[in-house]
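Enquirer: Predicted coordinates and the sequence they were generated for:
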Amino acid sequence: MGRLIRLLIATFVTGLLAAVPAATQVTLPYDHVHLAAPDQAKAVEWYQKSFGGETTAEGKDRLLFGKTRFIWMKSDTAKPSAGTAIDHIAFSFPDVGKRLKAFQAAGVKVIGRRMIEDPWGVRIELIEDRNVTGFHHVHLRSMDQAAALGWYQQRFGGDRVTYKGASALKYGDVLVLVEKSNTAPAASAGHALDHVGWRVTSLEKTLDDLKGIKVLQGVTNLQLATGPIRFSFVEDPAGTKIELVQR
């Protein structure tokens, strides 16, 4: 009789545990794209003229596209983004054909049917997505797409979605896509698309939770016009430089 009761209790507990969903990583807000150009003011001007974007009291080196910051660091030696771990970014327009003709007329370098390059070597894809106008996604490269997406979701959360038949991660209005690379991509640091960034509420706790991750730079304090921030740099297995920022 005792054995039967123990079996019934074990069965009940097992069923109860199975009914409890496994803990998932909280989705961190996508914060920014950090680009490089010799003249930050000219880069801000070019992007605002080309894609819109709003200036912000945080500093003259940045624009806001929705909730995402585009920030430019000064660099005279940044290399083009093509072939790196952060290959390109994308903006969505109601009429890509019309926009592409406007870029051609302005002398912008056109790479393909829907791809251009800014004056500093950033590849930019032009797409039509009825659900989003403006900044659309970051396009990463890795030799293992599935592992890369799993790596990001495990550490930064994100909703798994499908975009044009490919698996992607959604952070608010921003998508993170991963393209399969047949060779190891170049690390993003030092290129025109230097790094990407997520926002955290506690930098120390986040770094502690990310035990084993490659840390490029520890906790650093910075004073902006709007107040202090704290940040740290880490790197994914494919060489994507990532900033974790506490605002």
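Expert: All right, it came through fine. Residues are numbered from 1 along each chain as shown.
Enquirer: Which parts of this protein are helices?
Expert: Assigned by DSSP state H, the chain shows helices spanning 2-19, 40-51, 96-105, 145-156, 203-209.
Enquirer: So for the longest one, mean pLDDT?
Expert: Along helix 2-19, the predicted confidence averages to a pLDDT of 40.
Enquirer: cool, and the last one?
Expert: Across helix 203-209, pLDDT averages out at 95.
Enquirer: buried ones in it?
Expert: Going by neighbour count (16 or more other Cβ atoms under 10 Å), the buried part of helix 203-209 is Leu203, Thr206, Leu207. From N, CA and C alone the C-beta is placed, and that goes for glycine too.
Enquirer: Which residues does the closest residue to Thr56 other than its chain neighbours form beta bridges with?
Expert: In this structure, Thr56 finds its nearest non-sequential neighbour in Leu64, 5.2 Å apart by Cβ to Cβ, 6 or more residues apart in numbering. Listed by DSSP bridges, the beta-bridge partners for Leu64 are Glu54, Arg69.
Enquirer: Hmm, Leu64 is touching Gly52, no?
Expert: No. Shown here, Leu64 and Gly52 do not form a contact pair, counting by Cβ atoms under 8 Å, at 9.8 Å.
Enquirer: circling back to that earlier point, list the contacts of the residue nearest to Thr56.
Expert: Listed by Cβ atoms under 8 Å, 6 or more residues apart in numbering, the contact set of Leu64 reads Gly53, Glu54, Thr55, Thr56, Phe70.
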